[in-house]
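Visitor: Fold the following for me, if possible:
(one chain, ligands or ions: 1)
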Amino acid sequence: MRDVVVIGGGLSGLAACHELERCAAAYTVIEVKGRFGGGIHSRSEAGFVMDACAFAFRPLADQALLADLGLCERVIPIGAEACAFAGGTESLIDALADRLRGGRLMRMAVSSVGRLGNRFTICLENGIMLDAGAVILALPAPYAGRALWNLAPDAAEQLAQFRYDSILRVSLGYHKRDLPACQDRVPDATFPFILSTDQPGRVPDSDHLLIHVGLRHAGDLSADDAIRAATRHFGWRASPLVARVDYWLEADLLSEYGAAHHQCVCAIRDALPDGLSLIGSDYCREATEICGVARLDERIQMGRRAAREALAYLKAKKK
Ligand SMILES: Cc1cc2nc3c(=O)[nH]c(=O)nc-3n(C[C@H](O)[C@H](O)[C@H](O)COP(=O)(O)OP(=O)(O)OC[C@H]3O[C@@H](n4cnc5c(N)ncnc54)[C@H](O)[C@@H]3O)c2cc1C
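Guide: Residues are numbered from 1 along each chain as shown. From the prediction side, this is the model:
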């Protein structure tokens, strides 16, 4: 019998699974795609390792986790206040996934979560139904809202109201000699961040530079147009050696991460039954101070806390 079902195998869901694993709990993770990581994946091309997701992040507070995952040596500095993984952010996902021994249902979409007696029911789109003592819903708001429509309609309604400001991430690899010697790289409203690295592991050698640029856009923008807009804006006339564009449709919440958002998240959580928790980037409290720098640590801590709370709930129920 499953104690806990984790729905969603992005970073937040995997962090929850990792903690459940550490506590020797019986759990199953359900992920709609054929791979874990959600938006996080890294691609290598011509010696450049590009992230289709969060690239630079604030140093993880939990050094023990990095050590446990064997990743300490793979963290490289990006400027003064951020770091990245030498093999790309997907290294973190791979390391977490490698340690999971619990059940995993891949390519299975959860359509709804319900309640039968004192257990939760989880309905999959293919008609299969599972049950669990506790549920961790690690999904962005639109998907979480759909899954909760029957069980917690008030929370579902509020989740459906979340609106996003989409962002494009343009990754460009250059030989340094092809870039202007003096670069004026000031972020603005359209290009909210620009981050680069020439660290080993991310570029072919120290003569090369990998640049990640954020581009806010209204409506559709093709990948070629996004690359043209970024290179023109920053005055990079030479063609990049590699270039890719990733679309982060559900980027910054328009409600911002201020007090109003926090209150909204608290109200949603209050409307959920005990034993069911909601985690993920949409429910984080803090805004990032450095634009383009991820809050991976917050998502990891949220996942681990949810796992401990689920186990405490199950323990209290048994008494
Ligand atoms: C291009 C891009 C750039 C980004 N840049 C930044 C950045 O600069 N800073 C930053 O902080 N963050 C950034 N992010 C976001 C960051 O990568 C994620 O917020 C982070 O990975 C946390 O993920 P999560 O687990 O909370 O959610 P997700 O990664 O969205 O995970 C949710 C998981 O649930 C699965 N799922 C969805 N519906 C169902 C269902 N019905 N049944 C089962 N499974 C389901 C999804 O497939 C996914 O694997 C970026 C993301 C992208 C795509």
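
Visitor: Could you check how many residues crowd around residue 202?
Guide: A count of nearby residues for residue 202, using other C-beta atoms under 10 Å, gives 27. From N, CA and C alone the C-beta is placed, and that goes for glycine too.

Visitor: and the gap between it and the ligand?
Guide: 16 Å (C-beta to the nearest ligand atom, to the nearest Å).

Visitor: Let me see the contact set for that residue.
Guide: 48, 49, 76, 84, 86, 88, 210 (C-beta atoms under 8 Å, 6 or more residues apart in numbering).

Visitor: Also residue 304?
Guide: Taking C-beta under 8 Å, 6+ apart as the test, what residue 304 contacts is 15, 16, 18, 19.

Visitor: Can you tell me which of the residues you listed has the most neighbours?
Guide: Counting neighbours by other C-beta under 10 Å, the top entry in the contacts of residue 304 is residue 16, with 31 neighbours.

Visitor: Neighbours of the residue lying closest to residue 296 once chain neighbours are set aside, how many?
Guide: Closest residue in space to residue 296, ignoring its immediate chain neighbours: residue 57 at 4.5 Å, by C-beta to C-beta, 6 or more residues apart in numbering. Around residue 57 there are 24 other residues, counting by other C-beta under 10 Å.

Visitor: Need the contacts of residue 304 in a markdown table (columns: distance to residue 65).
Guide: Listed next are the contacts of residue 304 as a markdown table, based on distance: C-beta to C-beta, whole Å:
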| residue | distance to residue 65 |
| --- | --- |
| 15 | 8 |
| 16 | 13 |
| 18 | 8 |
| 19 | 10 |
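
Visitor: In JSON lines: those, plus distance to the ligand.
Guide: JSON lines is the format used below for those (distance: C-beta to the nearest ligand atom, whole Å):
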{"residue": "15", "distance to the ligand": "8"}
{"residue": "16", "distance to the ligand": "9"}
{"residue": "18", "distance to the ligand": "12"}
{"residue": "19", "distance to the ligand": "14"}
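
Visitor: in the stretch 1-150 of the chain, which spans are strands?
Guide: Ranges of strands in the stretch 1-150 of the chain, per DSSP state E, counting those that start in this stretch, are 4-7, 27-31, 42-45, 48-51, 56-57, 75-78, 82-85, 103-106, 110-116, 119-124, 129-132, 134-137.

Visitor: Where among the ones you listed is average confidence lowest?
Guide: The minimum mean pLDDT among the strands of the stretch 1-150 of the chain belongs to strand 56-57 (a mean of 88).

Visitor: Show residues contacting that strand.
Guide: So strand 56-57 is contacted by 78-79, 82-84, 89, 195, 212, 292-297 (C-beta under 8 Å, 6+ apart).
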